[in-house]
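Trainee: here is my input; please provide its structure:
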Amino acid sequence: QAKELELRAVRERGAPAKKVVTPETTEEAPVVESRTKIIPVNNHRPLRGFRSAETAYRAGMSIRASLLGDAEARRWCDDHGVETRAQAGGINSLGGVLTNPELSNEIIRLVEEFGAYQANARVVNMNSDTLLIARRTGGLTARAIGENAAPLTSDVTFDNVQLVAKLWGVDNRVPVSLVEDSVIDLADAMAVEVAQAFAEAYDRVVFVGTGSGTDHGITGIATAIIDGTHTASVVTAATGNNTFGADGTSGLDLSDFTNVVARLPLYARNRNAKWYISPAGYGSSMLRLMMAASGNNRADVAAGANLQFLGFDVVLVHPLESRLTGTSNAVACLFGDLSQAATMGIRREVSIKTDASRFVEFDQLLTFATARMASVAHDLGSTTVAGPIVALRFAA
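Mentor: From the prediction side, this is the model:
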């Protein structure tokens with residue numbers, strides 16, 4: 001067996017690279033050596049999901065081996081230590097074919113890059129369906145003690161934040177032609193599409209969720225913070241400032257934003273405070289104010305602006321308010337330390353099962369990705385004390 005593996009490696013290293021004809025050149029594609037396998041680097045589109053062609057190639061070969069039953073791909077996976085799993089009922093309760101670790105790791109990392117919530121909130125691993133996290137609600141109190149008098153006692157008090165894992169899923173239909181043309185393109189397409197879908201779903205429910213069944217009962221931060229029980233964490237813009245300020249309207253001004261900074265408690269401001277605003281809101285309000293403050297200097301306009309405002313980083317969140325009109329009383333943006341205000345629980349990372357027969361008439365492969373996630377916004381302040389995250393609300 002060792003000799004057979006050695007001979008295969010010699011054969012693969014000696015095989016010539018496939019000739020790739022492109023509009024720019026008719027020369028043979030350069031190759032890079034990956035252990036004992038030569039992988040052409042120019043026979044795929046620019047990668048969006050993977051950092052290297054080697055990782056995408058390994059993931060694609062695993063898919064080809066497990067899904068299409070390709071004997072050569074299965075042999076390649078065995079030789080190169082790429083795991084292929086067929087029925088996996090003991091791992092995924094839904095059963096089916098799971099992707100190899102290379103693809104799963106890329107999906108997890110892409111969700112964190114594309115999604116604002118998972119990259120900034122507190123993330124914990126869950127070993128069961130539910131998880132209780134202790135939260136300090138009160139501390140010791142120092143008091144003046146009179147002469148010959150006993151001091152009053154005080155206690156540190158706690159309560160619990162409960163996370164309940166829910167199942168999230170996404171369907172993805174991949175053309176079989178990607179398998180025929182390039183396994184790198186197949187793996188890259190699956191990673192990008194699945195990662196983007198999970199990132200968008202998490203951001204939507206966490207920031208603007210309504211608590212309905214389609215949101216798994218999660219009420220978004222921007223929805224909950226203006227429900228009347230967290231008024232100390234809400235700053236209302238000045239009278240008349242009921243839009244971001246596009247199309248020549250007055251809109252939000254600098255004092256509206258500085259009032260938000262002033263409202264945030266110092267413990268949240270000094271630790272990891274950031275602005276959370278939609279791309280439309282950022283361009284129409286923050287960027288507009290920064291350009292006006294610089295006098296529309298040509299160098300500033302040409303160079304653009306960093307994603308910072310008033311000295312704090314800006315995180316662009318697509319689900320937040322993006323309308324440029326009709327925004328009265330809506331939440332314009334959030335400011336604070338998201339890791340202190342909300343917690344995300346991961347019960348199970350992304351896993352994928354595939355089916356080659358579901359959409360056979362369309363010449364497509366079905367991939368069904370699932371994950372188990374929980375989220376709760378547990379600290380948004382009260383009617384008297386501002387929490388670690390503060391909202392700027394448009395005027396009525």
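Trainee: can you pull out the helices in this protein?
Mentor: Using DSSP state H, the helices found in the chain span residues 2-14, 53-68, 71-79, 101-114, 116-120, 176-181, 183-208, 221-224, 254-263, 266-272, 279-281, 287-293, 298-303, 338-341.
Trainee: give the contact list for Leu316.
Mentor: Listed by Cβ atoms under 8 Å, 6 or more residues apart in numbering, the contact set of Leu316 reads Ala116, Ile277, Ser278, Pro279, Tyr282, Leu307. Any C-beta I mention is one placed from the backbone N, CA and C, and that applies to glycine too.
Trainee: and it, what's its pLDDT?
Mentor: In this model, Leu316 is scored at 93, pLDDT.
Trainee: how much space separates it from Ala262?
Mentor: To Ala262, Leu316 is 24 Å away according to Cβ to Cβ, to the nearest Å.
Trainee: and what of Asp171?
Mentor: Look at Asp171 and Ala262: by Cβ to Cβ, they are 47 Å apart.
Trainee: now swap in Asn241 and tell me
Mentor: For Asn241 relative to Ala262 (Cβ to Cβ), the value is 17 Å.
Trainee: out of the two, which sits in the busier spot?
Mentor: Asn241 (22 against 10; other Cβ atoms under 10 Å).
Trainee: on that earlier part again, please produce CSV containing the contacts of Leu316, extended by distance to Ala293.
Mentor: Converted to CSV, the contacts of Leu316 look like this (distance: Cβ to Cβ, whole Å):
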residue, distance to Ala293
Ala116, 26
Ile277, 18
Ser278, 21
Pro279, 20
Tyr282, 15
Leu307, 16
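Trainee: returning to what we had before: mean pLDDT lowest where, among the helices of the chain?
Mentor: Least confidently modelled of the helices of the chain is helix 298-303, at a mean of 53 by mean pLDDT.
Trainee: what residues are up against the residue sitting furthest away from the middle of the chain?
Mentor: Computed with Cα atoms, centre = their mean, the residue of the chain farthest from its C-alpha average is Asn148, at 59.9 Å. Not one residue lies near Asn148 by Cβ under 8 Å, 6+ apart.
Trainee: local confidence estimate at it?
Mentor: Asn148 is assigned 80 on the pLDDT scale.
Trainee: give me phi/psi at it?
Mentor: Per-residue torsions, Asn148: phi 60, psi 30 (degrees, to the nearest 10).
Trainee: same check on the one 4 residues further on?
Mentor: Listed backbone geometry of Leu152 is phi -80, psi 140, with angles given as degrees, to the nearest 10.
Trainee: how about the nearest residue to it, chain neighbours excluded?
Mentor: Excluding its sequence neighbours, the residue lying closest to Leu152 (Cβ to Cβ, 6 or more residues apart in numbering) is Arg143, at 5.8 Å.
Trainee: make sure the one you found is actually in contact with Ala150.
Mentor: No: using Cβ atoms under 8 Å, Arg143 makes no contact with Ala150, being 11.0 Å away.
Trainee: quickly list what the closest residue in space to Asn172 that isn't next to it in sequence is bridged to.
Mentor: Of all residues not flanking Asn172 in the chain, Thr367 sits nearest, at 4.5 Å (Cβ to Cβ, 6+ apart). When bridges are called by DSSP bridges, Thr367 pairs up with Asn172, Thr354.
Trainee: find the centremost residue of this structure, please.
Mentor: Centroid-nearest residue in the chain, with Cα atoms, centre = their mean: Gly115, separated by 2.1 Å.
Trainee: measure the residue lying closest to it once chain neighbours are set aside to Val315 for me?
Mentor: Leaving out its chain neighbours, the residue that sits closest to Gly115 by Cβ to Cβ, 6+ apart is Ala199, at 3.4 Å. Distance, Ala199 to Val315, by Cβ to Cβ: 13 Å.
Trainee: repeat for Ala56
Mentor: Counting by Cβ to Cβ, the gap from Ala56 to Val315 is 28 Å.
Trainee: okay, the two: which has more neighbours?
Mentor: A direct count of neighbours by other Cβ under 10 Å for Ala56 and Val315 places Ala56 higher, at 28 against 19.
Trainee: returning to that earlier point: I'd say the residue nearest to Gly115 and Ala119 touch.
Mentor: No: counting by Cβ under 8 Å, Ala199 stays clear of Ala119, with 9.3 Å between them.
Trainee: in terms of neighbours, single out the busier of those two.
Mentor: Ala199 (21 against 14).
Trainee: residue contacts, the nearest residue to Pro175 once chain neighbours are set aside?
Mentor: Nearest residue to Pro175, sequence neighbours excluded (Cβ to Cβ, 6+ apart): Gln364, at 5.7 Å. By Cβ under 8 Å, 6+ apart, Gln364 lies in contact with Arg173, Val174, Pro175, Val176.
Trainee: ok, the last one touching Glu361?
Mentor: No: the pair formed by Val176 and Glu361 falls short of the contact definition of Cβ under 8 Å, at 11.6 Å.
Trainee: okay, those two: which has more neighbours?
Mentor: Taking other Cβ under 10 Å, Val176 and Glu361 do not tie; Val176 has more neighbours (17 against 7).
Trainee: quick check: that one vs Asp78, distance?
Mentor: Counting by Cβ to Cβ, the gap from Val176 to Asp78 is 24 Å.
Trainee: same check, this time on Leu7
Mentor: From Leu7 over to Asp78 (counting by Cβ to Cβ), the distance is 15 Å.
Trainee: which one of those two has more residues nearby?
Mentor: Taking neighbours as other Cβ under 10 Å, Leu7 and Asp78 compare with Asp78 leading, 13 against 10.
Trainee: stretch 324-342 spans what distance, first to last residue?
Mentor: One end of stretch 324-342 to the other measures 28 Å (Cα to Cα, to the nearest Å).
Trainee: er, stretch 65-80 actually
Mentor: End-to-end distance for stretch 65-80, by Cα to Cα: 13 Å.
Trainee: how far does it sit from the chain's center?
Mentor: Chain-centre distance of stretch 65-80: 32 Å, with Cα atoms, centre = their mean, to the nearest Å.
Trainee: what do you get for stretch 362-373?
Mentor: The answer for stretch 362-373 is 18 Å, by Cα atoms, centre = their mean.
Trainee: how about that stretch: buried residues?
Mentor: Gln364, Leu365, Leu366, Thr367, Phe368, Ala369, Thr370, Ala371, Arg372, Met373 (16 or more other Cβ atoms under 10 Å).
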